[in-house]
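Participant: Structure for the following, please:
(chains A and B)
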Amino acid sequence: MNRTLIILIVLAAAGVALSLATGPMGWNAPHRVIMYLRLPRILLAITAGASLAVSGCVLQSVLRNPLATPYTLGISAGAGVTAGFIILSGISLPIFLVYLSGTAGALLASTLTWFLAGRGQRDPSGLILAGVTVNLLGASVLLLIEYMSPASRLVEIIRWMMGDLAVAGYRRVLFLLPFLVAGMVPALLKTGTLNQFLTGTEIAESRGVNTVRERFLLLVAAAILAGGAVGAVGPIGFVGLIVPHTMRRLVGGDYRKLLPLSALGGAVLMLWADIFSRVVISPAELPIGVILSLLGGPFFLYLLIKKPRL
Amino acid sequence: MPELIFQNFSAGYSADTTAVSGVSMKIAGGSVTAVIGPNGSGKSTLLKGIMSFPGVYSSGSVTLDSLDIHSMNRNERAVRIAYLPQSPPVPAGLTAIETVLLGRFPHRSAWSGDSSGDVKIALDALEMVGATHLADKFTDEISGGENRLVNLAAVLSQRTEVILLDEPGSSLDYGHAAQLWELLSKLAEQGIIILATTHRIEMSGNAFDKVLLLSEGRSLAFGEPENVFLSGDLLSSVYKTPMKVRRSSPEGSWIVFPGGAE
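Facilitator: Residues are numbered from 1 along each chain as shown, chains lettered A, B, ... in the order given. Purely as a prediction, here's the structure:
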């Protein structure tokens, strides 16, 4: 674990330094460029990456499914529908409300998933089935919105779905911060409970976990984390799948280590993916979502096939 | 010695139907009780009903030392009663010792680390089930039977007065099954109440002191094994096949001949 922690800290520090220097004129860029364009972008990458990774990490335990991601609750589709609708309608909203619309869609979708999963105990398979249904419904509504959109708006919707970290100032980071705190604190406090969920509902119950209540609280925490991140940077889901998996390979499945290291891992991955997105076709940028899938996909496949362990 | 008393206890998966009903019995500490009966007779539901899991309805009462266990809060219950289901999921990315340490959860706060005392209890538990060599192996890389032993060690590390086991011997080979029942006898000697469902009377040697026989969701008989096994053709009628049961010697293992051939 210590080795992984050190590597992650070094990668984070190097990523921050490199990211600050990436762009026209490198380190010699005007102070304002560094402080108002590059630094907030770094903070956004770190906070969004940590949020998405922890969200996926929590869901993989609570839903006891290694393929669970923030999207499993229908979050991406929900955010896509509300953001798509706002872009299509051409309503001019204050910027905070634009972010909030994505988040609201994400949270509404996860609420819908919760209710569709049935009454009573809501076991993991019921929740996953409901989430898949909500995702399909949302994706269809989004397609309908795209079909009805004029070309210029269509491009805007598609670009939004690819994710975006370009910022001027700290508004997006400030927007994300309360969601980060509200989701991260309960997740960190409940790492012991997350460990118990790994052994199944019955054993967790027999050891004193109120599984119905704790599952609900942890799902809310995961939805808040992912919802906040999706509102701020668009639906980038891959982080929530790949980071907890990688960390589980490196430090094991004990959530008391896994969860904080996934937060750090998510931040590092997003930071580096952002650097790549800015240098590959510099001075233009590639969408962060595309970079993450292109870099992350093969790496993830390697992990699944080779199963390396430290 | 703890005492577990069932009074007209019933359990099921909806408010108006029962999967097992009419269980009345008194089990004292220091004994192993086997719950037997055909598939679907309500053995597992009985244990789930005792644990009052979400989605399981129960009526009647179960008291531990005169305290209704359904009025205990979850944590009070968890430090007194442990439970092992038939086939629990294998936790991803945990070693055997980490899995066993999860059994210490009711004894500490939700996010605290493992104390050296916890680690010692977990290692002792692994030793008791004969699985010390598995301590640092990942549970998703060991066999089903070995995982059974690790799960059993986790239950032991919970250090409770009552242990409920659902088919503890399934997926164990002859050697490990014999060891398991021997271990359960030893635990009972320490005053612990063991209640275990089983399909294989013969695999448990002479480990159990009492037998509860269930059939089609009803409690048919409870008592000394001799009284249940050797009372007329009770087993034959319950299992719907001619059954012969005898002991290898007056104190020896039980031997079962299903189908009637000997």
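Participant: Find the residue at the geometric middle of the chain.
Facilitator: Since no chain was named, I'll use chain A. Computing the C-alpha centroid of chain A and ranking residues by CA atoms, centre = their mean puts A:L52 first, at 2.3 Å.
Participant: actually it's chain B I care about, not the one you picked
Facilitator: The structure's chain B has its C-alpha centroid closest to B:L165; by CA atoms, centre = their mean the separation is 1.9 Å.
Participant: so that residue touches B:I81, yeah?
Facilitator: No: shown here, B:L165 and B:I81 do not form a contact pair, counting by CB atoms under 8 Å, at 11.6 Å. Every C-beta, even on glycine, is put in place using the N, C-alpha and C of the backbone.
Participant: since we're on whatever residue of chain B ends up closest to chain A, how many residues are nearby?
Facilitator: Closest approach between chain B and chain A, counting by CB to the nearest CB: B:G93, at 2.6 Å. For B:G93, the count of nearby residues is 23 (other CB atoms under 10 Å in any protein chain shown).
Participant: Can you tell me how far it is from B:F138?
Facilitator: Distance, B:G93 to B:F138, by CB to CB, to the nearest Å: 7 Å.
Participant: Leaving out the residues flanking it, which one is nearest to the residue in chain A that chain B sits nearest to?
Facilitator: Here chain A gets closest to chain B at one residue, A:G253, 2.6 Å apart by CB to the nearest CB. The shortest distance from A:G253 to any non-neighbouring residue, by CB to CB, 6 or more residues apart in numbering or on different chains, is to B:G93 (2.6 Å).
Participant: doesn't B:A188 make contact with B:I163?
Facilitator: No: here B:I163 lies out of contact with B:A188, judged by CB under 8 Å, at a distance of 9.3 Å.
Participant: Please identify every residue contacting each of the two.
Facilitator: Taking CB atoms under 8 Å, 6 or more residues apart in numbering or on different chains as the contact rule, the neighbours common to B:I163 and B:A188 are B:I194.
Participant: can you tell me which residues contact B:G37?
Facilitator: For B:G37, the contacting residues are B:K43, B:L213, B:L214, B:S215, B:L220, B:V238, taking CB under 8 Å, 6+ apart as the criterion.
Participant: one more time with 6 Å, if that's ok
Facilitator: Each residue near B:G37 by CB atoms under 6 Å, 6 or more residues apart in numbering or on different chains is listed here: B:K43, B:L213, B:L214, B:S215.
Participant: Next step: the residues you listed restricted to strands.
Facilitator: When the contacts of B:G37 are checked against strands (DSSP state E), the matches are B:L213, B:L214, B:S215.
Participant: The second one reaches B:N39, doesn't it?
Facilitator: Looking back up the chat, that one is B:L214. No: counting by CB atoms under 6 Å, B:N39 is not a contact partner of B:L214; they are 10.9 Å apart.
Participant: Would you mark the buried spots in the lowest-mean-pLDDT helix or strand in chain A?
Facilitator: Ranked by mean pLDDT, DSSP states H and E, the helix or strand of chain A with the weakest confidence is helix A:288-306, at a mean of 81. Residues of helix A:288-306 classed as buried by neighbour count (16 or more other CB atoms under 10 Å in any protein chain shown): A:I288, A:G289, A:I291, A:L292, A:S293, A:L295, A:G296, A:F300, A:L303.
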